[in-house]
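J.: Coordinates for the following, if possible.
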Amino acid sequence: MSVDKSAFAHSYGLRRWLVGSAAGLLSLVGVELRASPSGLVWDTQSIQVVAESGEKEVRAQYHFRNVSNVPITITSVTTDCGCTTAELSKKNFGSTEAGDIDVAFSVGARIGVNEKTITVTTDESNVQPVQLHLRVDVRTLFSVEPRMVWWAIGEKPEPKSIVIKSQTSRPIKVVAAKPPVPGVDVRIETVEPGKRYRVQFEPARTTALDTFRIELQVDVTGASPQTIYAFALIR
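T.: Residues are numbered from 1 along each chain as shown. Model prediction:
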């Protein structure tokens, strides 16, 4: 069977032109189908707050308004962590109507910077969900320096200490070790009431390797009691 090479080339070229034209057309359509802006306009989508370790929670409020000429329904509000909750008093907002999303972040014993995302989805067609951002900087209520003291084997078992110091205006109080740790004597000395405490550790002996974990409770005015651990080592 013979093949007409000129016809084949013409057909191949036509197919390439059609594919290229279709791709260009789809590209143009894609431009038209890009996500539209939401009719909800936010005062801000990012909030930063400062908290103190031991606080129960901190809250933030995101205010918005429907600037479109049609009603908008918020279909879902989700968070990316169980420590963060978001509340919406209603879901349907008419034209020019405003609303708020109230967000609560559970602080507890968390320390440092915590960044959370709240995703808001509406019934608007061709509109991407809105992401709200919450940044919580949790400051420590007190410092502990050092966290560990140690003695060499055979070293004279003299007292060694750590210092616990308030880092905020809230008064603190260091409570005795609980339960008492066999093999090491723990004494608490008030250096400055409500602000600075020295905790001394004195081992009964230093004749063998040993590790003592001492649990201390720090009471903080206006916050939950804090539990910390210090270590005394013989090595």
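J.: which helices and strands sit right next to the helix or strand harbouring T75?
T.: Taking DSSP states H and E as the criterion, T75 maps to strand 72-79. Packed against strand 72-79 by the contact rule (3 or more CB pairs under 8 Å, 6 or more residues apart in numbering; DSSP states H and E) you find strand 84-88, strand 92-93, strand 112-122. For every residue, glycine as well, the C-beta is placed using N, CA and C.
J.: quick one: contacts of it?
T.: 38-40, 66, 85-86, 88, 91-93, 101, 103, 116-124 (CB atoms under 8 Å, 6 or more residues apart in numbering).
J.: Taking strand 84-88 as reference, get the angle to that strand.
T.: Counting by axes from the mean of the first three to the mean of the last three CA atoms, to 10 degrees, strand 72-79 lies at 160 degrees to strand 84-88.
J.: how much does strand 72-79 deviate in direction from strand 112-122?
T.: Using the same axes, to 10 degrees: strand 72-79 against strand 112-122 is 150 degrees.
J.: quick check: mean pLDDT across strand 72-79?
T.: Per-residue pLDDT over strand 72-79 has a mean of 97.
J.: Check which residues of that strand are buried.
T.: 72, 74, 77, 79 (16 or more other CB atoms under 10 Å).
J.: follow-up on the earlier one: show me how to select, in ChimeraX, the buried members of the contacts of strand 72-79.
T.: Buried residues within those, by 16+ other CB under 10 Å, are selected in ChimeraX with:
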select :38,39,40,66,85,86,93,101,103,116,118,120,122,124
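J.: Can you get me a residue count around G99?
T.: G99 has 18 neighbours, counted by other CB atoms under 10 Å.
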